[in-house]
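Novice: Build the 3D model from these lines:
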Amino acid sequence: MVGLVVPGNTPSRGRRVTAAVVTGLLVAATPAGASIGPAQAAPAPPPAVQSTPAAAEQALEAPDEAAAARLAYRTRRDVLVTGMTSETSVTYARPDGTFQSTMHLSPVRIRDQAGTWAEVDLTLERRSDGSVRPRAHPRELRLSAGRSASSDALVEVRVAGQRVELGWRGALPEPVLDGDRATYRDVRPGVDLVVQAQRTGFEYFLIVKQPSAAAELTDIGMPLHTGTLSPAERLGGGLELRDATGAAVVQVPPAQMWDAAVDPLSAEPARRADVPMAFATSAGGTDLVLRPARAFFDDPATVFPVTVDPSVSLAPAFDAFVQDTFSSDQSGASMLKLGYVNDADDGCASSCRARSFLSFGVGPTYWDAKVVRAELFLRGIWE
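Specialist: Residues are numbered from 1 along each chain as shown. Here you go, the predicted model:
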């Protein structure tokens, strides 16, 4: 996928899960200064992990762990620790002296203009300033609402205190909005451009609708305005933008292209190919250049439409999957794969194994804490 950026039992089946993974931790840790009951009293067995208190009761809040623990003991109810709430996690003090945290790999809430937390909503809508934006996005994603060829604006996001813009040369029609997707019809003859909002960036697709449309797609240069960020190649494939310290704050994972043929067992594209990418110097600064494989378009076995797919990820969570037949970095993929898959196009007709790795950045919050229970929640979409 290209954009600006998270085991089966039978060899003929596979399972894919979304990368929007949730984990719950039940931690037996009493903050310093928090007196929650007689020292000799044994804590009650911890209840099952829940993401929120009972909906029928008004939620209780306290600014820190100590205050939340005392209030939870007195009221015998869960208490939100407001000082520990972030874009990806929320923590409650519980009446039995434990703390419960729910963590996501990507942002699920943002601070609104009033300073309160609001749920992320990627639904695209037209704004009064003429732009197209998600209802609530962690990085202020903004898309073009259509324009003439006098501008190259397409999509921009805020990262590391500045705006990163990816453009498109030529006029853009008014996009067709459908949920988190904006489709710009026929940006070139027979080619649609689709931009999809994601929690950690965005993904864009070029949909090549017929063979004749592929003739002009040998090199696709898209203007990239990076501010003070420096473009660089990534170890293992793909590209990235680095800040002044050398840290990668934007990732462009390796791109691929595939046709309309679908494997009936895995529901994945049956035929695909890698798409080389590079940064190139242009008159206006830097271009992100894609070079789709001409041989893939010309192959008689290719079933149109063909999708060319890169993505852009901001502050990625570094969840990834590995597979027998993949050698490229999949940390920017929007899906995680588990179990056995069919991948005949990559030289494995059956029994290809896929495994996923998840990284939750808990930091020092849980150092020296005793974890009573941990649960991982995955949403399966194919098996």
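
Novice: pLDDT value on residue 347, please?
Specialist: Per-residue confidence at residue 347 stands at 56 (pLDDT).

Novice: got it, and residue 84?
Specialist: At residue 84, pLDDT is 93.

Novice: what's the nearest residue to it if we skip its chain neighbours?
Specialist: Leaving aside its sequence neighbours, residue 84 sits nearest to residue 91 (C-beta to C-beta, 6 or more residues apart in numbering; 4.2 Å). (C-beta placed from N, C-alpha, C; glycine too.)

Novice: neighbours around the one you found, how many?
Specialist: 22 (other C-beta atoms under 10 Å).

Novice: quick one: it is in a strand?
Specialist: Yes. Under DSSP: H, G, I helix; E, B strand; the rest coil, residue 91 sits within a strand.

Novice: any idea how far residue 63 is from residue 134?
Specialist: 30 Å (C-beta to C-beta, to the nearest Å).

Novice: Between these two, which has more neighbouring residues?
Specialist: The neighbour comparison of residue 63 against residue 134 (other C-beta under 10 Å) goes to residue 134, with 22 against 12.

Novice: Next, the contact list for residue 258, please.
Specialist: For residue 258, the contact set (C-beta atoms under 8 Å, 6 or more residues apart in numbering) comprises 269, 271-273, 306-307, 309.

Novice: List just the nearest of those to residue 262.
Specialist: residue 269 (6.4 Å; C-beta to C-beta).

Novice: For the closest one, give me the pLDDT.
Specialist: Value for residue 269, per-residue pLDDT: 84.

Novice: give me every residue that touches the residue nearest to residue 84.
Specialist: Counted by C-beta under 8 Å, 6+ apart, residue 91 has contacts 65, 80-81, 84-85, 99-102.

Novice: Looking at the residues you listed, which are in strands?
Specialist: If you go by DSSP state E, those have 80-81, 99-102 in strands.

Novice: Closest to residue 379 out of the residues you listed?
Specialist: Proximity of the ones in strands among the contacts of residue 91 to residue 379 (C-beta to C-beta) peaks at residue 102, which lies at 14.9 Å.

Novice: related to what we said a few turns ago, if I look at the residue nearest to residue 84, how far off is residue 100?
Specialist: Look at residue 91 and residue 100: by C-beta to C-beta, they are 7 Å apart.

Novice: just residue 291 next, same as before
Specialist: 49 Å.

Novice: and these two? which has more neighbours close in?
Specialist: Per other C-beta under 10 Å, whichever of residue 291 and residue 100 has more neighbours is residue 100, with 24 against 15.

Novice: how about residue 285, what does it touch?
Specialist: Contacts of residue 285 by C-beta under 8 Å, 6+ apart are 223-226.

Novice: which residues in the stretch 51-200 of the chain form strands?
Specialist: Using DSSP state E, counting those that start in this stretch, the strands found in the stretch 51-200 of the chain span residues 60-62, 79-81, 89-93, 99-104, 109-111, 117-119, 121-126, 132-136, 142-143, 153-159, 162-167, 176-178, 181-188, 191-198.

Novice: I'd like those strands laid out as TSV, including distance to residue 215 and mean pLDDT.
Specialist: As requested, those are exported to TSV (distance: least, C-beta to C-beta, whole Å; pLDDT from 0 to 100):
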stretch	distance to residue 215	mean pLDDT
strand 60-62	61	96
strand 79-81	58	97
strand 89-93	50	93
strand 99-104	44	90
strand 109-111	43	94
strand 117-119	45	95
strand 121-126	31	97
strand 132-136	30	96
strand 142-143	27	96
strand 153-159	22	91
strand 162-167	23	89
strand 176-178	25	98
strand 181-188	10	97
strand 191-198	10	95
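
Novice: Any chance of TSV for these, columns distance to residue 365?
Specialist: Formatted as TSV, the strands of the stretch 51-200 of the chain follow (distance: least, C-beta to C-beta, whole Å):
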stretch	distance to residue 365
strand 60-62	16
strand 79-81	11
strand 89-93	8
strand 99-104	8
strand 109-111	17
strand 117-119	18
strand 121-126	27
strand 132-136	25
strand 142-143	33
strand 153-159	24
strand 162-167	29
strand 176-178	39
strand 181-188	36
strand 191-198	26
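
Novice: per-domain residue ranges of this structure.
Specialist: 2-6+118-317, 22-104 (automatic domain parsing).

Novice: between these, which has the poorest average model confidence?
Specialist: domain 22-104 (a mean of 72).

Novice: Please spell out the PyMOL selection for the buried subset of the contacts of residue 91.
Specialist: Here is the PyMOL command that selects the buried residues among the contacts of residue 91 (16 or more other C-beta atoms under 10 Å):
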select buried, resi 65+80+81+84+99+100+101+102
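
Novice: Looking at the contacts of residue 91, which is nearest residue 162?
Specialist: residue 85 (25.9 Å).

Novice: The closest one against residue 118, yeah?
Specialist: No. Residue 85 is not in contact with residue 118 according to C-beta atoms under 8 Å; the separation is 11.9 Å.

Novice: and for those two, which residues touch both?
Specialist: With C-beta under 8 Å, 6+ apart, residue 85 and residue 118 have common neighbours residue 109.

Novice: still on that earlier bit, among the contacts of residue 285, which lie within strands?
Specialist: Counted as lying in strands by DSSP E, out of the contacts of residue 285, are 223-225.

Novice: Could you say which of these is surrounded by the most neighbours?
Specialist: residue 224 (26 neighbours).

Novice: Can you give me every residue that contacts that one?
Specialist: Counted by C-beta under 8 Å, 6+ apart, residue 224 has contacts 164-167, 231, 279, 285-288.

Novice: Take these and lay them out in CSV including distance to residue 76.
Specialist: Below are those laid out as CSV (distance: C-beta to C-beta, whole Å):
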residue, distance to residue 76
164, 49
165, 52
166, 52
167, 57
231, 56
279, 59
285, 61
286, 59
287, 61
288, 56
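
Novice: For ChimeraX, what selects the buried ones among these?
Specialist: Here is the ChimeraX command that picks out the buried ones among these, judged by 16+ other C-beta under 10 Å:
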select :164,165,166,167,231,279,286,287,288
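
Novice: From the chain's centroid, how far away is stretch 147-160?
Specialist: 21 Å (C-alpha atoms, centre = their mean, to the nearest Å).
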